[in-house]
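Asks: Sequence and predicted model, in that order:
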Amino acid sequence: MRKYLDNLYTFSGAIAAGLIAIICLLVTTQVVLNLIAKIGGASVSFTIPSYADFAGYFLAASSFLALSYTFMRGGHIRVTLLFNMLGNGTVRLLAEVFSIAVCACTMVFATYYMALLVEQSYRFGDKSTGIVSIPIWIPQMPVLIGLAIFSIALIDVLLQTLRTRNTIIEYKESL
């Protein structure tokens, strides 16, 4: 199970990285098309329809799909000052468990309500407003998947912390 979860977090992070690469490719292509139009005039003017909308959808998807990957590698911003003052005893463990549990509950709550939003968008047939009109549940789905994977990661870390009675994730020190 451990290997499956670690692979899930890594796969989610890889998809997020791929989406960022697609955003770069999409925007670069549109910039090149704009340069061609500037040099060649209106007769050679081309544009990628709704490219800004798609870049925004990909950015939202990559942001949420990267949550679990980043969390499991200690990359999220975290206030460690209080935890460092608590030492390495029982009080720190309780504070750690409490903070992870609150975050896990919040993410499960967010995942549930995002699932409701996706279901409503699908049921009502909501469409995007751009030049290329697509069903809005399609770009909402990766956000839901990212939240679900992040919820799993938080519950995973909470259970590991309770089982080992130790901090699982080593957080990077701020500069």
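Replies: Looks like it arrived, so ask away. Numbers count the residues shown, from 1 in each chain.
Asks: can we go C-alpha only for contacts and neighbour counts from here?
Replies: OK.
Asks: Look through this protein and tell me its longest helix.
Replies: For the chain, the longest helix by residue count, based on DSSP state H, is helix 2-40.
Asks: and the next element down the chain from it?
Replies: On the C-terminal side of helix 2-40, the closest following helix or strand by DSSP states H and E is helix 51-72.
Asks: how far does the helix or strand just after that following helix sit from the chain's center?
Replies: Where DSSP H and E defines the elements, the next helix or strand beyond helix 51-72 is helix 81-85. Centroid separation for helix 81-85 versus its chain: 27 Å, with CA atoms, centre = their mean, to the nearest Å.
Asks: just the CA coordinates of helix 81-85, formatted as CSV?
Replies: Written as CSV, here are the backbone C-alpha positions of helix 81-85 (Å, rounded to 0.1, in the frame of the first residue of the first chain):
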residue,chain,number,x,y,z
LEU,A,81,8.4,28.4,14.9
LEU,A,82,5.8,27.1,17.3
PHE,A,83,6.6,23.5,16.7
ASN,A,84,10.3,24.1,17.2
MET,A,85,9.6,25.8,20.5
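Asks: Quick one: mean pLDDT for that helix?
Replies: Taken as a whole, helix 81-85 has a mean pLDDT of 74.
Asks: Give me the contact list for it.
Replies: Residues outside helix 81-85 that contact it (CA atoms under 8 Å, 6 or more residues apart in numbering): R92, A95, E96.
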